[in-house]
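Enquirer: got a predicted model here, sequence first, then my questions.
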Amino acid sequence: MATGNNRPTSPHLQIYRLPLTGIISITHRMTGVFLSGGLVLFVGMVAAIAAGSDIYDRLQAILQWWPVLVVYWGFVYALFFHLCHGIRHLFWDAGYGFDQDRMNRYALIELAASLALTLITLIFV
């Protein structure tokens, strides 16, 4: 693709569509950052629990608020997604699954498994 001055332009998101494996890879990195932030919140929750029963009761009230529950379940999904993608990387480290069809199939399995694990956790917790 060239412009009026005959200089080539780089493909942008309106022209270039990321493959599923690229989207999964970016999402894996984003969930890693989300999990790191969640770990900081978890340490804060443990510190609040250690601070005494009054603060623990306030923490329980906050944890029942629906926006906090949405963040909590997002954290659980991020944990399972990150786990499933890590298992996929173990297959890659062993030299399996590099052809395009298998990569896309594994990406879909990874998404389905992380969603199923999250739903199972939601049902049984």
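Expert: Noted; the coordinates are in hand.

Enquirer: buried sites along stretch 22-34?
Expert: 24, 27-28, 31, 34 (16 or more other Cβ atoms under 10 Å). Quick note: C-beta positions are derived from backbone N, CA and C, even for glycine.

Enquirer: tell me the one among those residues nearest to Gly74.
Expert: Nearest to Gly74 among these: Phe34, at 7.2 Å, using Cβ to Cβ.

Enquirer: secondary structure element for that closest one?
Expert: In the assignment (DSSP states H and E), Phe34 maps to helix 20-50.

Enquirer: what helices or strands is that helix leaning on?
Expert: Packing contacts for helix 20-50, counted by 3 or more Cβ pairs under 8 Å, 6 or more residues apart in numbering; DSSP states H and E, involve helix 53-63, helix 66-93, helix 100-124.

Enquirer: got those helices as CSV, with mean pLDDT, mean neighbour count and distance to Ala47 columns?
Expert: Shown next, in CSV, are the helices and strands packed on helix 20-50 (pLDDT from 0 to 100; neighbours: other Cβ atoms under 10 Å; distance: least, Cβ to Cβ, whole Å):
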stretch, mean pLDDT, mean neighbour count, distance to Ala47
helix 53-63, 90, 11, 9
helix 66-93, 94, 15, 17
helix 100-124, 94, 14, 25
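
Enquirer: Throw those helices into JSON lines and include distance to Ser10, thanks.
Expert: Below are the helices and strands packed on helix 20-50 laid out as JSON lines (distance: least, Cβ to Cβ, whole Å):
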{"stretch": "helix 53-63", "distance to Ser10": "46"}
{"stretch": "helix 66-93", "distance to Ser10": "28"}
{"stretch": "helix 100-124", "distance to Ser10": "23"}
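
Enquirer: closest to Gln14 out of those helices?
Expert: Per Cβ to Cβ, nearest to Gln14 of those: helix 100-124, 22.8 Å.
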